[in-house]
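Student: turn this into a structure:
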Amino acid sequence: MGYRFSVWCLSVWVTSILWIGVVAASKVYSQDSKTTGDNAPESEVASSSEISWQADPADVARQQRRAGVNATESKVPTYKLPNLWDRELAGDSRLANADWQRQRAMYLERFREHIYGRRPKTKAMVTFKPGPSEVLFDGKVAAQSVKVRVAPPEFSKRDFFEFPFVLYLPDAAASAPVPLVVHINNRRFVSIKTAKEDPDGFCPVEMICQNGVALATFHTSQVDPDRADGYDAGIRGF
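Tutor: Predicted structure coming up:
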C-alpha cells in the first residue's frame, strides 16, 4: 500500500519540523490568532465520479479477496464526516482560541496513540533555506520552495539530512492569518512548475488556496524512500 516506511518517524518528526519552518517562513500564524470555525458544515464524502484518482483494479481485486473487506468504492454507503470544529467540551460549534488548543491537543494525542506513534526525542538542529519563488494563478497564490536541513547538535558538513518542500500561500495570507495544511504526498512531488503546468488532482494547489487555506507539501520518497534498499537514503538511516 506504499506505507512500508516507518510512519511515526516520517509523519510526526518531519511534520513537526515543517510546522516550525512554515510558521517562520510565512508568518501566517501568530500566538494571538484565533480559530472560530463559525457554523462549519459537515463535509460530505465525494462520489467516486468526482475524484480524479482511481484505484488500480488489480489492487482492488486483491484486497477484495480478504474476508470482511470491501475495497469497491461503489459499494460504500453514503455517509458524512464529523465536523472537526465541533466543541466536544460544550457542544458549541464556535471555538475560542483556548478551546481550540485543548481540542487540538486531544486530536494530536489520538493520532499519536492510534496511528503515528510518538516523536523521537532525538535532538537536532533544523535550518531552512529558501529556494525559487513565484506568483501563480493570476497573482492569487505565492509559491516558495524551501529546503530543510536536519543535523545533530554537533554539526559537521557531511552529517546532515535534507529534503525539499513547497509552501503555497493564498493572497489572503498577506493581510491575516490563514489555516495551513501539511500535505504528505506519496504520489509525486508537486513542485512550483508542476502546480503551474501540470496540476495534480491528489494535491490541488489552486483549489486549496482559493478556499483561503495555505499548503506545505513534500513527497514521501524525498524523506524516506519507499523501497527495499531505501533505508540508508532516508531519514531513518540518518
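Student: need the strands for the protein, in chain order.
Tutor: In the chain, the strands defined using DSSP state E lie at 43-44, 80-81, 125-136, 141-151, 161-170, 180-185, 214-219.
Student: mean neighbour count for these - can I get that in JSON lines?
Tutor: Any C-beta I mention is one placed from the backbone N, CA and C, and that applies to glycine too. Formatted as JSON lines, the strands of the chain follow (neighbours: other C-beta atoms under 10 Å):
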{"stretch": "strand 43-44", "mean neighbour count": "10"}
{"stretch": "strand 80-81", "mean neighbour count": "10"}
{"stretch": "strand 125-136", "mean neighbour count": "13"}
{"stretch": "strand 141-151", "mean neighbour count": "19"}
{"stretch": "strand 161-170", "mean neighbour count": "22"}
{"stretch": "strand 180-185", "mean neighbour count": "18"}
{"stretch": "strand 214-219", "mean neighbour count": "24"}
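Student: among these, which is nearest R104?
Tutor: Across the strands of the chain, R104 has its closest neighbour in strand 180-185 (13.1 Å, C-beta to C-beta).
Student: from K129, how far out is the residue of the chain positioned farthest from its centre?
Tutor: Distance from the centre of the chain peaks at A67, with 31.9 Å (C-alpha atoms, centre = their mean). Using C-beta to C-beta, to the nearest Å, A67 is found at 50 Å from K129.
Student: one more: P225?
Tutor: Using C-beta to C-beta, we find P225 at a distance of 22 Å from K129.
Student: grab the longest helix from the protein for me.
Tutor: Identified as the longest helix of the chain according to DSSP state H is helix 97-111.
Student: point out where the protein drops to low pLDDT.
Tutor: 1-52, 82-95, 155-158 (pLDDT under 70).
Student: OK, contacts around Q63?
Tutor: 69, 71 (C-beta atoms under 8 Å, 6 or more residues apart in numbering).
Student: circling back to that earlier point, gap between the residue farthest from the centre of the chain and P77?
Tutor: 20 Å.
Student: pull out the buried positions in the longest helix of the chain.
Tutor: Applying a neighbour-count criterion of 16 or more other C-beta atoms under 10 Å, one finds 99-100, 103 buried in helix 97-111.
Student: format these as CSV; extra columns: distance to L167.
Tutor: Shown next, in CSV, are the buried residues of helix 97-111 (distance: C-beta to C-beta, whole Å):
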residue, distance to L167
D99, 28
W100, 23
Q103, 25
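Student: between the residues you listed, which sits nearest T217?
Tutor: W100 (23.9 Å).
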